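Trainee: next input, structure requested:
(one chain, ligands or ions: 1)
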Amino acid sequence: MPARDGQRPARATTGERLARYREKREFERTPEPAGEAARRGEPGAARFVVQRHRASRLHYDLRFEIDGVLVSWAVPKGPTLDPTVRRMAVHVEDHPIDYIDFEGVIPAGEYGGGDVIVWDAGTWEPHGTGDPFAAVAAGELHAEVHGQKLHGRLVLVRRGRSADRDGKDEWVLLHKHDEYAVQGWDPEDHPLSVLSGRTNDQVKADPDRLWRSDLPAGEASVALRPRALAGPGEDELLALDALGDSGTWDVFGRRLRLTNLDKQLFPGPAGEAAITKREFIRYAAQVAPTAVPYLAGRALNMHRYPNGAGEKGFWHKQLPKHAPEWITRWDNPEADPGETSTYLVVDEPASLVWVANFGALEWHAWTSLTDEPHLPTYALLDLDPGPSTTWADVVLLARLHRDALRHLGVRGYPKVTGQRGIQVWVPISRGPTFSDTRAWVEQLSKAVGKVVPELVSWKWGKHERGGLARLDYTQNAINKTLVAPYSPRAAPRAPVSAPIDWDELDDTTLRPDGFTVRTVLERVAARGDPFSGALIADQTLPPLD
Ligand code: MN
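Mentor: Got it, this is the predicted structure:
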């Protein structure tokens with residue numbers, strides 16, 4: 001099919017074509033692959049992919065591998081097998097081949113910010129031409145696709161230029177009346193990723209890939225699944241078991257001096273043995289790969305109970321002089337005389353083991369990072385039950401907050417406290433101060449509280465609240481902390497502040513202290529960490545007026 005001027009269109013190099021893609025993205029800040037210019041001549045058939053992309057608007061990106069790039073169309077309503085349907089498709093810039101299996105989250109504010117799943121993938125061949133690049137240039141591509149959802153002949157025909165779409169060509173996409181055609185077939189009825197079996201919502205809530213803008217660009221796209229941090233090996237755990245009451249444990253590449261390993265720290269569940277310091281340290285080591293990302297880069301306030309959960313604990317913030325050299329520390333430049341000057345920062349698993357051996361049964365990290373201590377990375381909702389608040393009341397309050405956040409389009413991550421309450425953590429990009437987040441949470445919680453005035457008190461003093469719950473926005477303050485995800489609580493059975501899925505609020509067996517150091521690791525191994533999306537601090541709190 002000849003081009004309009006009768007000549008073959010000038011064929012831009014792969015590099016030139018990808019330059020248009022690169023122009024739109026700042027690779028210091030987005031986790032999409034930057035692409036290697038030339039990957040031609042790979043063996044096997046050409047591939048195609050359809051990505052379901054929830055950016056400012058939902059669309060499906062249909063991409064064909066041609067000449068070492070992904071030639072791409074954005075299809076708002078998605079491709080279909082229904083031969084009676086015509087879909088509008090906007091021809092967009094070529095994408096690098098590396099993008100073909102990208103599934104994850106693109107930070108808000110970036111080009112295409114949102115979540116992406118690999119909705120369909122497979123191979124394809126052009127029909128009626130040996131030169132699909134020329135066919136696209138001429139405005140008509142017939143593609144025989146062999147995907148997991150899409151099969152048969154797709155046809156793309158250029159219709160013209162759309163004035164309101166940045167000069168991009170508007171095309172029509174249709175499926176031929178062939179043996180694969182299915183009348184009434186709707187892509188939205190087939191919402192799962194062919195890569196992970198997950199929906200966009202699930203990928204958004206727990207992405208496999210996460211952008212860490214505090215790391216160099218080459219390392220910034222961090223895989224969360226499988227986890228980057230490994231737990232202790234079987235040999236290391238056996239070595240811990242083999243120690244006497246005290247001894248030296250080599251773990252996570254560090255050497256730690258452990259003491260009083262046989263001391264009972266928590267009464268056990270009914271009919272079970274007490275939890276010793278050895279078992280507590282074992283838990284700290286095993287949960288460290290999951291828990292450390294929530295502690296890293298933050299000052300840690302340690303709640304110590306050197307004589308176990310049965311005795312009163314105390315806050316310990318100052319890193320002691322005898323702490324090992326390799327432990328990361330932070331000197332608070334604003335510390336007044338007599339205040340804590342040097343804090344511990346848990347940024348590797350071995351540090352958490354040291355914290356456990358130090359008798360810190362509870363781990364409370366700051367809501368801000370040490371490099372900007374006045375700028376929180378979370379807005380915190382603390383649903384704090386009063387003496388007459390039932391667990392059902394707490395669950396109801398959590399559901400109301402869930403609905404409010406969903407209505408606002410804000411991602412919040414719930415966890416049980418390990419005591420009687422539920423917290424919701426809302427990750428935000430840095431910018432707002434603590435007084436901003438406090439005001440936002442106060443406004444949100446007051447709106448929620450109006451729905452159930454019989455359950456909530458806004459009185460300051462505990463004894464003035466008549467036993468009612470408090471929606472405590474005041475925790476949004478520098479050096480005020482909530483218990484960290486996966487931290488144990490100083491109570492019998494060693495309950496853990498465990499992240500949950502929102503859907504678990506509907507599970508009648510859910511209890512605020514139901515997960516313990518003896519059960520939560522199995523849960524994480526089986527279902528992953530429902531909180532990991534909270535590590536993507538990319539949200540702006542919308543005005544609530
Ligand atoms: Mn897109």
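Trainee: how many residues are close by the residue of the stretch 401-545 of the chain at minimum distance from the ion?
Mentor: Using CB to the ion, the single residue of the stretch 401-545 of the chain nearest to the ion is D538, 17.2 Å away. Where you see a C-beta, it was placed from the backbone N, CA and C, and this is true even at glycine. Neighbourhood size, D538 [other CB atoms under 10 Å]: 19.
Trainee: check which helix or strand covers it.
Mentor: For D538, there is no enclosing helix or strand under DSSP states H and E.
Trainee: cool, and V157?
Mentor: Using DSSP H and E, V157 maps to strand 151-161.
Trainee: and the helices in the stretch 51-200 of the chain?
Mentor: Remark: helices assigned in the stretch 51-200 of the chain by DSSP state H, counting those that start in this stretch are 132-138, 200-205.
Trainee: correction: the previous question concerned the chain.
Mentor: Counting by DSSP state H, one finds helices in the chain at the ranges 14-23, 132-138, 200-205, 234-242, 277-295, 349-357, 391-408, 434-451, 520-527.
Trainee: bridging residues for the nearest residue to I100 once chain neighbours are set aside?
Mentor: Spatial nearest neighbour of I100, chain neighbours left out: V49 (4.9 Å); criterion: CB to CB, 6 or more residues apart in numbering. Beta-bridge partners recorded for V49 (DSSP bridges): R63, A121.
Trainee: residues contacting V49?
Mentor: 61, 63, 70, 100-101, 118, 120-121 (CB atoms under 8 Å, 6 or more residues apart in numbering).
Trainee: CSV please, covering the helices of the stretch 51-200 of the chain and showing distance to R465, mean pLDDT and mean neighbour count.
Mentor: Converted to CSV, those look like this (distance: least, CB to CB, whole Å; pLDDT from 0 to 100; neighbours: other CB atoms under 10 Å):
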stretch, distance to R465, mean pLDDT, mean neighbour count
helix 132-138, 67, 94, 20
helix 200-205, 33, 86, 19
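Trainee: where does the stretch 51-200 of the chain dip in pLDDT?
Mentor: Across the stretch 51-200 of the chain, the ranges flagged by pLDDT under 70 are 109-110, 162-167.
Trainee: who in it is up against the ion?
Mentor: 53, 61 (CB under 5 Å from the ion).
Trainee: in the stretch 51-200 of the chain, what residue comes closest to the ion?
Mentor: Of all residues in the stretch 51-200 of the chain, H53 sits closest to the ion, at 3.7 Å by CB to the ion.
Trainee: find the residue closest to that residue in space, skipping its chain neighbours.
Mentor: The shortest distance from H53 to any non-neighbouring residue, by CB to CB, 6+ apart, is to V116 (4.9 Å).
Trainee: hang on, the earlier thing: the residue of the stretch 51-200 of the chain closest to the ion contacts L62, doesn't it?
Mentor: No - shown here, H53 and L62 do not form a contact pair, counting by CB atoms under 8 Å, at 10.8 Å.
Trainee: pull up the overlap in contacts between the two.
Mentor: Residues touching both H53 and L62 (CB under 8 Å, 6+ apart) are A74.
Trainee: higher neighbour count, those two?
Mentor: L62 (28 against 20).
Trainee: does the nearest residue to the more buried one once chain neighbours are set aside have beta-bridge partners, and which?
Mentor: Leaving aside its chain neighbours, L62 sits nearest to W73 (4.8 Å; criterion: CB to CB, 6+ apart). Bridge pairing for W73 (DSSP bridges) gives the partners L62, H91.
Trainee: next up, the contacts around W73.
Mentor: With CB under 8 Å, 6+ apart, W73 has these contacts: 61-63, 89-92, 156, 171, 173.
Trainee: try it again with 6 Å
Mentor: Taking CB atoms under 6 Å, 6 or more residues apart in numbering, we find W73 in contact with 62, 89, 91.
Trainee: same deal with R489?
Mentor: For R489, the contacting residues are 418-419, 495, by CB under 6 Å, 6+ apart.
Trainee: repeat that with 8 Å
Mentor: 361-362, 417-419, 483, 495-497, 513 are the contacts of R489 under CB under 8 Å, 6+ apart.
Trainee: those in strands, which ones?
Mentor: 361-362 (DSSP state E).
Trainee: and for E454, the neighbour number?
Mentor: Using other CB under 10 Å: E454 sits among 6 other residues.
Trainee: what count of nearby residues applies to the spatially closest residue to G466 that is not a sequence neighbour?
Mentor: In space, and not counting its chain neighbours, G466 is closest to S457: 6.2 Å by CB to CB, 6+ apart. Each residue near S457 was counted by other CB under 10 Å, and the total is 19.
Trainee: for R329, same thing?
Mentor: For R329, using other CB under 10 Å, the count is 14.
Trainee: how about Q264?
Mentor: By the criterion of other CB under 10 Å, Q264 has 17 neighbours.
Trainee: residues contacting the closest residue to L400 other than its chain neighbours?
Mentor: Nearest residue to L400, sequence neighbours excluded (CB to CB, 6+ apart): V448, at 4.7 Å. In this structure, V448 makes contact with 397, 400-401, 404, 471, judged by CB under 8 Å, 6+ apart.
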